[in-house]
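In: got a predicted model here, sequence first, then my questions.
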Amino acid sequence: MTGMVLITGAAQRVGLHCALGLQQAGYQVIATYRQPKAGVEQLRQAGAICLPLDIQPDTDLALQVSELADTVSALCQQHQLPLRALIHNASSWAGESESGGNLLDQLRADAAVFDDMFRIHTKLPYLLSRALAPLLATALPQTADIIAISDFAVTTGSCNHMAYAASKAALENLVLSLARQLAPQVKVNAIAPALLMFNEGDSAEYKAYTLKKSLMEIEPGPTEVLQSILYLLQSRYITGRVLALDGGRHLKLP
Ligand SMILES: NC(=O)C1=CN([C@@H]2O[C@H](COP(=O)(O)OP(=O)(O)OC[C@H]3O[C@@H](n4cnc5c(N)ncnc54)[C@H](OP(=O)(O)O)[C@@H]3O)[C@@H](O)[C@H]2O)C=CC1
Ligand SMILES: Nc1nc2c(c(=O)[nH]1)N=C([C@H](O)[C@@H](O)CO)CN2
């Protein structure tokens, strides 16, 4: 094992695929999950360590992060391995609620979505990065990595997921600050995908519409992210950057 990698939100889809791939690549994965889905058992079977982490409005996030950081530190000591990387993947793709009702009700609904988006995409990565930075910095002689999974929508905004996109933009700015603060011991980068994987229930019309948004017109799947993570981990020089995985969407003219 070359070191421990902590990845959040790894019970399904992209996080699960990347956690399994990193474990297979020889890292000791620590995966956090919210609900004990089948993916958690799959991770345990593969040798990953799985820890519960459910970020809710009424929980003490600072306490949750402090306790997680203590557990990760103890695991590094127990396994005699450095903390090699921290991957911020956990995410909720909530859109703005449908307008309706009186203004106050609408604003209360919008405020709840805004708080949820910034809690999971910005506040959790901020606190977790600051809590684990000292441990990451002692992974010497190798450098360590923080990798945040962002979204192409940071560059364009999103009419239907405004708070989501804004919170990912804040995450990308956090990457710049952390890259400046933690160099040269820790590299800090973001990966910004456009479409990776559709969700169950996405209609054929929505899928056709979405595929047409990029030049490549494919649903690439989670391997693109795993390959990008492995690329960043092996780099000695890339930091403070956003790796776009968008199928040429930025060149698709309306
Ligand atoms: N899928 C895509 O096409 C794209 C994805 N991305 C980004 O890639 C990353 C992975 O995407 P994807 O796999 O689709 O993500 P998912 O929507 O499948 O969510 C990832 C995980 O985050 C967890 N999570 C959600 N809310 C919370 C919370 N409050 N507390 C703790 N965990 C939580 C979920 O837990 P649970 O299993 O309990 O629901 C889930 O396992 C995300 O950051 C996403 O924004 C960016 C562009 C495109
Ligand atoms: N946490 C999530 N973020 C995003 C998802 C998702 O399923 N979960 N999906 C997308 C879409 O793929 C979008 O890019 C096109 O439909 C974006 N972010």
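Out: Thanks, I have the structure now. Ligands and ions are numbered 1, 2, ... in the order given.

In: alpha carbons of stretch 24-41, in PDB - could you do that?
Out: In PDB, the C-alpha atoms belonging to stretch 24-41 read as follows (Å, rounded to 0.1, in the frame of the first residue of the first chain):
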ATOM      1  CA  GLN A  24      -7.500  -1.900  -6.800                       C
ATOM      2  CA  ALA A  25      -4.600   0.500  -7.600                       C
ATOM      3  CA  GLY A  26      -3.000  -0.300  -4.300                       C
ATOM      4  CA  TYR A  27      -4.200   2.600  -2.100                       C
ATOM      5  CA  GLN A  28      -5.900   1.900   1.200                       C
ATOM      6  CA  VAL A  29      -9.300   3.600   0.700                       C
ATOM      7  CA  ILE A  30     -11.300   5.100   3.500                       C
ATOM      8  CA  ALA A  31     -14.800   5.700   2.000                       C
ATOM      9  CA  THR A  32     -17.500   7.700   3.700                       C
ATOM     10  CA  TYR A  33     -21.100   6.900   3.000                       C
ATOM     11  CA  ARG A  34     -24.500   8.400   4.000                       C
ATOM     12  CA  GLN A  35     -26.800   5.400   3.600                       C
ATOM     13  CA  PRO A  36     -25.600   1.800   3.900                       C
ATOM     14  CA  LYS A  37     -26.200   0.800   0.300                       C
ATOM     15  CA  ALA A  38     -25.000  -2.300  -1.500                       C
ATOM     16  CA  GLY A  39     -21.900  -0.300  -2.600                       C
ATOM     17  CA  VAL A  40     -20.700  -0.100   1.000                       C
ATOM     18  CA  GLU A  41     -20.600  -3.900   1.300                       C
END
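
In: next, the buried residues of that stretch.
Out: Applying a neighbour-count criterion of 16 or more other Cβ atoms under 10 Å, one finds 27-34, 39-40 buried in stretch 24-41. In this view, the C-beta of every residue, glycine as well, is placed from N, C-alpha and C.

In: looking at this protein, which residue reaches furthest from the middle?
Out: residue 102 (35.1 Å; Cα atoms, centre = their mean).

In: which positions in the stretch 101-250 of the chain make contact with ligand 1?
Out: Residues of the stretch 101-250 of the chain lying near ligand 1 by Cβ under 6 Å from any ligand atom: 120, 149, 151, 193, 195-197.

In: I'd say residue 165 and residue 158 touch.
Out: Yes: using Cβ atoms under 8 Å, residue 165 makes contact with residue 158 at a distance of 4.2 Å.

In: among these two, which residue is more densely surrounded?
Out: For residue 165 and residue 158, the more surrounded residue by other Cβ atoms under 10 Å is residue 165, and the numbers stand at 22 against 17.
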